[in-house]
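Colleague: A predicted structure for the sequence below; I have some questions about it.
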Amino acid sequence: MATEQKNNAVQPGGFIYLPLIAGWLIPGAGHFLLRKWGRGALLFVSIIGMFVVGILMQGKIYTNGHEILEYLSLAGDLCNGLIYFVCRALGLGAETIRETTADWGSRFIVVAGLLNIIAAVDAHNLRTGRKPA
Amino acid sequence: MIFRPDHFSAVLLFALFVSTVFGITMRETPARMLRFGIYCFVLFVGSVIAASWLMFLIAR
């Protein structure tokens, strides 16, 4: 009973958007802040794994756009948080899509970003108590 | 290092990653998370197999 109350309690005080921002910057970090170690680790492995597979498939990391689909892809890539900027700094990812698997890789990178946002919002919902812990 | 999976392997990887995140974020308890994750995975892979057969039959 006492454990259940402890688990369901929303942490008082502090910056309420911290799990959301941390979860965006590093996949799973929002859950780690809320001491959801297992969930955070699974989210980290899934999202980073998907991003890395996309990079290994020579997926493109969008840096600018000339049409609506490229802008949407850029927005999806930005949702990956710090790993997007790290990969840009290291020059990882293809500049152009030259084969079919590279196109799939680009989609993997975009979807990893979208999943990262879902995970960050989930951490925010746990923090605010909208989702039971 | 370049990774070139075939189409079905790419689908399996995609379904695995997405189902894991969906399961964790869309349900509250670990048991329901696992069930929903497996449900999403089966739906992803099953719909791909069904669509593949459909396209195969249309192409003939």
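Modeller: Ah, there it is. Residues are numbered from 1 along each chain as shown, chains lettered A, B, ... in the order given.
Colleague: Any idea how far the longest helix along chain A is from the middle of the chain?
Modeller: Longest helix in chain A, counting residues (DSSP state H): helix A:100-128. Chain-centre distance of helix A:100-128: 5 Å, with Cα atoms, centre = their mean, to the nearest Å.
Colleague: That helix packs against which elements?
Modeller: helix A:18-25, helix A:29-33, helix A:37-56, helix A:68-78, helix B:7-26 (3 or more Cβ pairs under 8 Å, 6 or more residues apart in numbering or on different chains; DSSP states H and E). Using the backbone N, CA and C atoms, a C-beta is placed for each residue, glycine as well.
Colleague: do that again at 10 Å, thanks
Modeller: helix A:18-25, helix A:29-33, helix A:37-56, helix A:68-78, helix A:82-90, helix B:7-26 (3 or more Cβ pairs under 10 Å, 6 or more residues apart in numbering or on different chains; DSSP states H and E).
Colleague: mind checking pLDDT for residue A:128?
Modeller: Looking at residue A:128, its pLDDT stands at 95.
Colleague: Go ahead and confirm it touches residue A:16.
Modeller: Yes: using Cβ atoms under 10 Å, residue A:128 is in contact with residue A:16, at 6.6 Å.
Colleague: for chain A, what are the nearby residues on chain B?
Modeller: B:1-7, B:10-11, B:13-14, B:16-30, B:33, B:37 (Cβ under 10 Å from any Cβ of the partner chain).
Colleague: same thing but at 8 Å, please
Modeller: B:1-5, B:10, B:13-14, B:16-18, B:20-22, B:24-25, B:28 (Cβ under 8 Å from any Cβ of the partner chain).
Colleague: show me where pLDDT drops low in chain A?
Modeller: By pLDDT under 70, the low-scoring segments of chain A are A:1-13.
Colleague: ok, back up a step: enumerate the positions of the longest helix of chain A that are buried.
Modeller: Buried residues in helix A:100-128, counting neighbours by 16 or more other Cβ atoms under 10 Å in any protein chain shown, are found at A:101-102, A:104-127.
Colleague: Nearest spatial neighbour of residue A:40, chain-adjacent residues omitted?
Modeller: residue A:31 (3.4 Å; Cβ to Cβ, 6 or more residues apart in numbering or on different chains).
Colleague: same check, this time on residue B:48
Modeller: Residue B:48 sits nearest to residue B:11 (Cβ to Cβ, 6+ apart), 5.0 Å away.
Colleague: Done for today, thanks.
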